[in-house]
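1. Attaching a predicted model along with its sequence, questions to come.
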Amino acid sequence: MRIGIVCYPTFGGSGVVATELGMALADKGHIIHFITYDRPVRLRDHPNVFYHEVRVSDYPLFDYQPYELVLTSKLVDVAKFAGLDVLHVHYAIPHASAAWMAQRILAAEGLRLPFVTTLHGTDITLVGRDPSFEPVITFSMERSDAVTAVSESLKRDTYTHFPLKREVQVIPNFVCVDQYEHTPDPTLRARYAPNGERLVVHVSNFRPVKRVQDVVGMFKLLNQRIPSRLLLIGDGPERQRIETICRQSSGCDSIQFLGKMTRPEEVMASCDLFALTSDSESFGLAALEAMACGVPVVSTDTGGLPEVNIHGVSGLLSAVGDTEAMAANALSILADEATHQRYREGALEQARRFDLQIVLPRYERLYESVVATVKA
Ligand code: GMT
């Protein structure tokens with residue numbers, strides 16, 4: 001099949017999922033066209049993969065660049081000249097409405113392009129439900145040929161926040177477990193935990209929703225009980241504030257900010273525990289990536305996280321903002337080698353339930369079904 005993929009090209013989970021999905025489909029012989037404003041950070045060279053950049057001109061009249069219109073024109077162009085069979089848009093805003101518009105333009109020329117919309121999280125739970133977006137999001141979800149959500153929790157939220165009548169199918173996020181390192185690298189451990197400390201890691205885009213201050217709060221409590229170090233990977237609006245909090249408090253030298261990394265799992269695989277303290281999380285892809293390295297997770301029990309991180313198996317869950325409970329959970333996972341090893345194995349086993357080999361055929365079947373509907 002010739003498949004167009006629209007996504008945010010950044011370090012966010014939706015862009016990572018879209019990119020890895022496209023690469024995996026390309027490996028299976030499909031021809032993939034990525035259409036976005038920058039080269040997706042995880043995109044690798046592949047003979048079956050093409051990248052089309054959406055360039056918005058900065059005409060002085062525009063206080064706001066009309067990205068959605070330029071994207072729509074690019075979708076029409078790629079659909080026609082690459083002969084797309086199906087378009088898959090990740091993150092509803094503004095991709096689903098751009099896809100619908102492109103579909104209508106093509107229809108006026110006698111061409112039919114089905115599109116699948118995958119909902120990822122804040123497009124539903126935070127941004128999309130805002131009245132300034134809601135009618136457009138509802139409409140473009142209704143008009144998508146198929147809509148998927150990355151967790152049962154996100155599916156429920158979609159019906160709660162939108163007057164949606166159509167079916168939403170859950171296809172969870174995935175990892176390719178065998179591509180992850182499952183054992184710590186002694187060189188990395190010596191670098192980040194030179195005195196044999198426990199290594200805790202957090203990866204995010206440092207948005208307020210991640211509550212990174214709680215990772216720091218939890219870590220400080222843990223560090224009072226077990227000598228530990230904290231690695232913070234990623235960057236975003238909250239980073240400066242969190243760095244200031246760390247610098248102004250004691251124990252700052254146990255915390256290291258590593259910034260954005262293309263392959264954070266290379267560091268994660270050498271860590272003992274992953275922490276995710278978000279107040280909303282439709283899935284928590286970073287937690288799944290940690291689990292694919294055999295790293296247990298302490299997380300909040302919000303949104304889709306309990307579907308990913310199974311309490312008592314792959315890690316432990318606690319309420320949003322309860323840093324004491326998180327620290328107690330971390331302590332109990334790290335308390336002794338046998339317990340830690342049990343959680344490590346549980347994390348890896350749980351990650352295997354989300355393996356690419358299980359999830360990829362579900363997307364392929366979905367594409368086939370929307371293409372078949374169009375042809376019928
Ligand atoms: O909503 C965001 O913050 C952006 C989005 C992204 O691009 O990272 O994250 C969402 O999609 C991920 C991939 O499906 C999920 O793993 C994240 O849980 C989800 N973020 C939130 O729900 C906050």
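-> Received, thanks.
2. Is it correct that residue 65 is in contact with residue 71?
-> No: if you go by C-beta atoms under 8 Å, residue 65 and residue 71 don't touch, sitting 10.8 Å apart. (Each C-beta comes from the backbone N, C-alpha and C, glycine too.)
3. More neighbours: the two, which one.
-> Each of residue 65 and residue 71 has its neighbours counted (other C-beta atoms under 10 Å); residue 71 has more, 24 against 13.
4. Three-state assignment for the more buried one, please.
-> Local secondary structure at residue 71 is given as helix here, using DSSP: H, G, I helix; E, B strand; the rest coil.
5. what about it, distance to residue 64?
-> 14 Å (C-beta to C-beta, to the nearest Å).
6. Could you do residue 293 as well?
-> Residue 293 is 41 Å from residue 64, by C-beta to C-beta.
7. Which one's more surrounded, these two?
-> Using other C-beta under 10 Å as the criterion, residue 293 and residue 64 rank with residue 293 on top: 27 against 6.
8. contacting residues around that one?
-> 180, 181, 182, 265, 268, 269, 271 (C-beta atoms under 8 Å, 6 or more residues apart in numbering).
9. cutoff 6 Å now
-> With contacts defined as C-beta atoms under 6 Å, 6 or more residues apart in numbering, the neighbours of residue 293 are 180, 265, 268, 269.
10. Ok, residue 100 next?
-> Residue 100 neighbours (C-beta under 6 Å, 6+ apart): 140, 143.
11. CA atoms only for the host helix or strand of it, dumped as PDB, please.
-> If you go by DSSP states H and E, residue 100 is part of helix 92-108. Presented in PDB, the C-alpha positions along helix 92-108 are these (Å, rounded to 0.1, in the frame of the first residue of the first chain):
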ATOM      1  CA  ALA A  92      -6.300  15.400  15.600                       C
ATOM      2  CA  ILE A  93      -5.300  19.100  15.700                       C
ATOM      3  CA  PRO A  94      -5.000  20.400  12.900                       C
ATOM      4  CA  HIS A  95      -4.300  17.200  11.000                       C
ATOM      5  CA  ALA A  96      -7.700  15.600  10.900                       C
ATOM      6  CA  SER A  97      -9.400  18.700   9.500                       C
ATOM      7  CA  ALA A  98      -6.600  19.200   7.000                       C
ATOM      8  CA  ALA A  99      -7.100  15.600   5.900                       C
ATOM      9  CA  TRP A 100     -10.800  16.100   5.500                       C
ATOM     10  CA  MET A 101     -10.300  19.300   3.500                       C
ATOM     11  CA  ALA A 102      -7.800  17.400   1.200                       C
ATOM     12  CA  GLN A 103     -10.200  14.600   0.800                       C
ATOM     13  CA  ARG A 104     -12.900  17.000  -0.400                       C
ATOM     14  CA  ILE A 105     -10.600  18.800  -2.800                       C
ATOM     15  CA  LEU A 106      -9.500  15.400  -4.300                       C
ATOM     16  CA  ALA A 107     -13.200  14.300  -4.400                       C
ATOM     17  CA  ALA A 108     -14.000  17.300  -6.600                       C
END
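12. The residue nearest to residue 180 when sequence neighbours are not counted: neighbouring residues, count only.
-> Ranked by C-beta to C-beta, 6 or more residues apart in numbering and with sequence neighbours excluded, the top spatial neighbour of residue 180 is residue 292, at 4.3 Å. Neighbours of residue 292 under the rule other C-beta under 10 Å: 27.
13. now residue 292: how far from the ligand?
-> Going from residue 292 to the ligand by C-beta to the nearest ligand atom, to the nearest Å gives 13 Å.
14. Quick check, that residue in contact with residue 179.
-> No: the pair residue 292 / residue 179 is not scored as a contact, 8.2 Å apart, by C-beta atoms under 6 Å.
15. Around the ligand, which positions in the stretch 201-350 of the chain sit nearby?
-> 207, 209, 280, 281, 282, 283, 284, 285 (C-beta under 6 Å from any ligand atom).
16. what about the second one, which SS state?
-> Assigned with three-state DSSP, residue 209 falls in the helix class.
17. The helix or strand hosting residue 141 near the ligand anywhere?
-> Using DSSP H and E, residue 141 sits within helix 134-143. No: for helix 134-143, no contact with the ligand is found by C-beta under 6 Å from any ligand atom; the gap never falls below 13.7 Å.
18. Where does pLDDT dip in the stretch 251-376 of the chain?
-> 374-376 (pLDDT under 70).
19. How are the helices of it distributed by residue range?
-> 265-268, 285-292, 305-308, 323-334, 337-352, 356-375 (DSSP state H, counting those that start in this stretch).
20. Can you tell me which of the ones you listed is most buried?
-> Comparing the helices of the stretch 251-376 of the chain by mean neighbour count (mean count of other C-beta atoms under 10 Å), helix 285-292 ranks first with a mean of 28.
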